[in-house]
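Novice: structure for this input, please:
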Amino acid sequence: MPPAQPVAQPVPPVPQPARPVAQPGPPVPPPQPQPVQPGQQQVPPQWQAQPQPRAPQRSEPNWEALADRNEADGKRRRRLRVLGVAVAVVVVGGLVAGGAMLMTKKDGGGKPVAGQTGTASSRPSSAAPSAAGAPSGTLSGAPSGTPGGAPDDPSKPIWEAATDPAPQDAGALFSALQVTVNGATWNRTFVSLDSPCWDGNSTTGGLGKVLGDQGCQKVLRATYVSGDSAVTVGVAVFDHKIQAETSMKSYTGHLKGAVAPGAPAFCATPGCTNTHNTLGRYAYFTVEGSAKGGDTADAAATAAAAGFGEHVKGQLLQRAKAASAAAPGAQGATPAG
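Specialist: The predicted structure follows:
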């Protein structure tokens, strides 16, 4: 029989020492202020610093963005200034161009003027006949030409003597024996060629000297009469168009009326209405008066001055056309009349 096992005995708990209970002590009196001795400064009690609220931090401006914006504003202002200047230039240019066109229109004609003023103004639109092609024909369909010296100007062949070598003949230049102006028929009564220009035979009032100072060679004239009214047309011949144009800047006096021997002289001294103009190397004129003689104005002759100015211009353009046809290399060249 196996031996008996010893039975474990329970261990008794170890007693814990008791904790002392804290007894309330006497109340602690608040600190009393220390008496201040004479001559000793009172030190304020040290209080605990209270935390102060933090001010919000301010963000720095974006200087680069501000600089870009200022630069953009400056560019916009500069563009506006440039645009304003451009608009002003366009407006001023338009006004100048408009004024030049008006001046060109005013200077384009040859309105008769009285006395010795020597200033031609625009002529009436009702009188605008053109060159006649035959000695006995009346005027119709005159060429108008292109003023201003443009490259296609039909008068270019007569800008200088070198390209306009045909002889100067008053009878050939004023070949129409009859001219119709304002519904009236005017008959050619006399033609003349005077040289030199300054001798006073063909001009009055100082016009001869003006022409001579620019090298005028000769003056061709023709007189047309209708009833008691008379108109003399004339052409002064220069070597170059610049001389012709320069002479008219000092225009004074007027052409003398050309009359046949024994006929009463008219417009022999200043006082009659007259016109002047230029085409190529030629200056051309009209003077209007009474076929009965004297230096008084004649209404019918004055009204016909514009038409006769166009007639002379047409004859000169015919001469330019003939000079162009006779130029070297041109086909069908015919001598100028």
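
Novice: what's the neighbour count on L317?
Specialist: 22 (other C-beta atoms under 10 Å). Where C-beta positions appear, they are placed from N, C-alpha and C, glycine not excepted.

Novice: so it sits in a helix?
Specialist: Yes. The assignment for L317 by DSSP: H, G, I helix; E, B strand; the rest coil puts it in a helix.

Novice: tell me the pLDDT at it?
Specialist: pLDDT, L317: 96.

Novice: so it touches K156, yeah?
Specialist: No. L317 lies out of contact with K156 (C-beta atoms under 8 Å); the separation is 10.8 Å.

Novice: low-confidence ranges in this structure?
Specialist: Counting by pLDDT under 70, the chain contains low-confidence residues at 1-64, 66-67, 85, 87, 89-94, 96-151, 329-337.

Novice: go again with 50.
Specialist: 47, 104-149, 332-337 (pLDDT under 50).

Novice: mind checking the longest strand of it?
Specialist: The longest strand of the chain (DSSP state E) is strand 184-194.

Novice: give the buried residues for it.
Specialist: Going by neighbour count (16 or more other C-beta atoms under 10 Å), the buried part of strand 184-194 is 186, 188-194.

Novice: ok, so of those residues, who is nearest G171?
Specialist: Comparing the buried residues of strand 184-194 against G171 with C-beta to C-beta places V191 closest, at 5.3 Å.

Novice: any idea how far A297 is from the closest one?
Specialist: Distance, V191 to A297, by C-beta to C-beta, to the nearest Å: 24 Å.

Novice: cool, S247 as well?
Specialist: 25 Å.

Novice: follow-up on the earlier one: and the longest strand of the chain, which strands flank it?
Specialist: According to DSSP bridges, strand 184-194 forms sheet pairs with strand 178-181 (antiparallel), strand 218-226 (antiparallel).

Novice: of the buried residues of strand 184-194, which is the nearest to L83?
Specialist: Looking across the buried residues of strand 184-194 and measuring by C-beta to C-beta, the closest to L83 is W186, at 60.6 Å.

Novice: OK, contacts around the residue lying closest to that closest one once chain neighbours are set aside?
Specialist: Computed as C-beta to C-beta, 6 or more residues apart in numbering, the closest residue to W186 that is not its neighbour in sequence is Y224, at 3.8 Å. For Y224, the contact set (C-beta atoms under 8 Å, 6 or more residues apart in numbering) comprises 179, 186-189, 230-233, 308.

Novice: now for the nearest residue to A258 once chain neighbours are set aside, how many residues are close by?
Specialist: Using C-beta to C-beta, 6+ apart and skipping residues adjacent in sequence, the residue nearest A258 is R221, 4.1 Å away. R221 is flanked by 26 other residues according to other C-beta under 10 Å.

Novice: which parts of the stretch 151-300 of the chain are helices?
Specialist: According to DSSP state H, counting those that start in this stretch, the stretch 151-300 of the chain carries its helices in the segments 170-173, 207-213, 241-248, 299-326.

Novice: how about those, which one is nearest R281?
Specialist: helix 241-248 (4.9 Å).

Novice: for that closest one, packing partners?
Specialist: helix 207-213, strand 273-279, strand 282-290 (3 or more C-beta pairs under 8 Å, 6 or more residues apart in numbering; DSSP states H and E).

Novice: would you mind finding the most buried of these?
Specialist: strand 282-290 (a mean of 27; mean count of other C-beta atoms under 10 Å).

Novice: neighbouring strands - and their directions - for that strand?
Specialist: strand 229-237 (antiparallel), strand 273-279 (antiparallel).

Novice: assess the claim that C267 and T232 are in contact.
Specialist: Yes. C267 lies in contact with T232 (C-beta under 8 Å); the separation is 7.0 Å.

Novice: buried stuff in stretch 252-262?
Specialist: 252-259.

Novice: just to revisit the earlier point, what's next to the longest strand of the chain, contact-wise?
Specialist: 138, 168-171, 174, 176-180, 201-202, 218-227, 230-231, 258-260, 263, 300, 304.

Novice: and the angle for it with helix 299-326?
Specialist: 60 degrees (axes from the mean of the first three to the mean of the last three C-alpha atoms, to 10 degrees).

Novice: picking that back up, can you list the helices of the stretch 151-300 of the chain in JSON lines and add distance to T278?
Specialist: Formatted as JSON lines, these follow (distance: least, C-beta to C-beta, whole Å):
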{"stretch": "helix 170-173", "distance to T278": "15"}
{"stretch": "helix 207-213", "distance to T278": "12"}
{"stretch": "helix 241-248", "distance to T278": "5"}
{"stretch": "helix 299-326", "distance to T278": "10"}
